[in-house]
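S.K.: Starting from these lines, generate the structure:
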Amino acid sequence: MGPEPSGDGSRTLINVDVRHCGSSILISATGELVEGAGEVLQRALDHVTMDERDLLVDLHAVTAMDV
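M.R.: Numbering: from 1, shown residues only. Got it, this is the predicted structure:
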(Lines give C-alpha, C1' and ligand atoms only; values in the text may rest on other atoms or scores of the structure.)
Protein backbone atom coordinates (compact mmCIF):
# COMPACT_ATOMS: atom_id res chain seq x y z
CA MET A 1 0.00 0.00 0.00
CA GLY A 2 1.44 3.34 -0.95
CA PRO A 3 0.63 6.85 0.17
CA GLU A 4 -3.11 7.26 0.12
CA PRO A 5 -5.54 10.12 0.63
CA SER A 6 -6.55 10.61 4.24
CA GLY A 7 -10.04 11.58 5.33
CA ASP A 8 -9.34 15.28 4.78
CA GLY A 9 -8.07 14.81 1.21
CA SER A 10 -4.39 15.26 2.03
CA ARG A 11 -1.89 12.49 1.32
CA THR A 12 -0.34 10.39 4.03
CA LEU A 13 3.40 9.91 4.10
CA ILE A 14 3.41 6.24 5.05
CA ASN A 15 3.73 3.00 3.12
CA VAL A 16 2.48 -0.25 4.58
CA ASP A 17 3.40 -3.74 3.44
CA VAL A 18 1.44 -6.78 4.66
CA ARG A 19 3.02 -10.23 4.43
CA HIS A 20 1.51 -13.54 5.44
CA CYS A 21 3.74 -16.45 6.41
CA GLY A 22 1.80 -19.47 7.57
CA SER A 23 -0.10 -18.44 10.68
CA SER A 24 1.90 -15.23 11.11
CA ILE A 25 1.39 -11.79 9.62
CA LEU A 26 4.00 -9.04 9.35
CA ILE A 27 2.96 -5.42 8.82
CA SER A 28 5.90 -3.20 7.90
CA ALA A 29 5.57 0.58 7.86
CA THR A 30 7.94 3.02 6.16
CA GLY A 31 7.79 6.79 6.07
CA GLU A 32 6.20 9.14 8.56
CA LEU A 33 3.52 8.29 11.11
CA VAL A 34 1.63 11.58 10.97
CA GLU A 35 -2.04 12.55 10.94
CA GLY A 36 -3.90 10.24 8.55
CA ALA A 37 -1.41 7.40 8.89
CA GLY A 38 -3.69 5.71 11.42
CA GLU A 39 -6.29 5.14 8.71
CA VAL A 40 -3.72 3.40 6.49
CA LEU A 41 -2.52 1.21 9.36
CA GLN A 42 -6.10 0.40 10.34
CA ARG A 43 -6.87 -0.82 6.81
CA ALA A 44 -3.84 -3.12 7.02
CA LEU A 45 -4.95 -4.42 10.42
CA ASP A 46 -8.46 -5.04 9.08
CA HIS A 47 -6.99 -7.97 7.15
CA VAL A 48 -5.81 -9.71 10.32
CA THR A 49 -8.09 -12.60 11.24
CA MET A 50 -8.31 -15.07 14.09
CA ASP A 51 -6.44 -17.54 11.83
CA GLU A 52 -3.17 -15.65 12.36
CA ARG A 53 -1.31 -16.71 15.48
CA ASP A 54 1.32 -13.99 15.48
CA LEU A 55 1.08 -10.33 14.53
CA LEU A 56 4.32 -8.42 14.08
CA VAL A 57 4.41 -4.69 13.36
CA ASP A 58 7.77 -3.49 12.09
CA LEU A 59 8.39 0.25 12.56
CA HIS A 60 12.16 0.23 11.91
CA ALA A 61 11.79 2.26 8.71
CA VAL A 62 9.52 4.92 10.24
CA THR A 63 11.44 8.19 10.00
CA ALA A 64 9.11 10.40 12.06
CA MET A 65 6.17 9.95 14.40
CA ASP A 66 3.64 12.66 15.25
CA VAL A 67 2.06 12.86 18.67
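S.K.: any idea how far residue 13 is from residue 62?
M.R.: Relative to residue 62, residue 13 is positioned 10 Å away (CB to CB, to the nearest Å). C-beta here means a position set from N, CA and C on the backbone, and glycine is covered the same way.
S.K.: Now list whatever residues contact both of these two.
M.R.: Jointly contacting residue 13 and residue 62 under the rule CB atoms under 8 Å, 6 or more residues apart in numbering are 31-32.
S.K.: Which one's more surrounded, those two?
M.R.: residue 13 (19 against 15; other CB atoms under 10 Å).
S.K.: Please read off the pLDDT at that one from the model.
M.R.: We have a pLDDT of 83 for residue 13.
S.K.: Show me where the protein dips below the pLDDT cut-off.
M.R.: Within the chain, the ranges that satisfy pLDDT under 70 run 1-12.
S.K.: Show me where it has its strands.
M.R.: With DSSP state E, the ranges of strands along the chain come out as 14-21, 24-33, 54-65.
S.K.: just these: most buried one?
M.R.: Compared across the strands of the chain, strand 24-33 shows the largest average neighbour count, a mean of 17 (mean count of other CB atoms under 10 Å).
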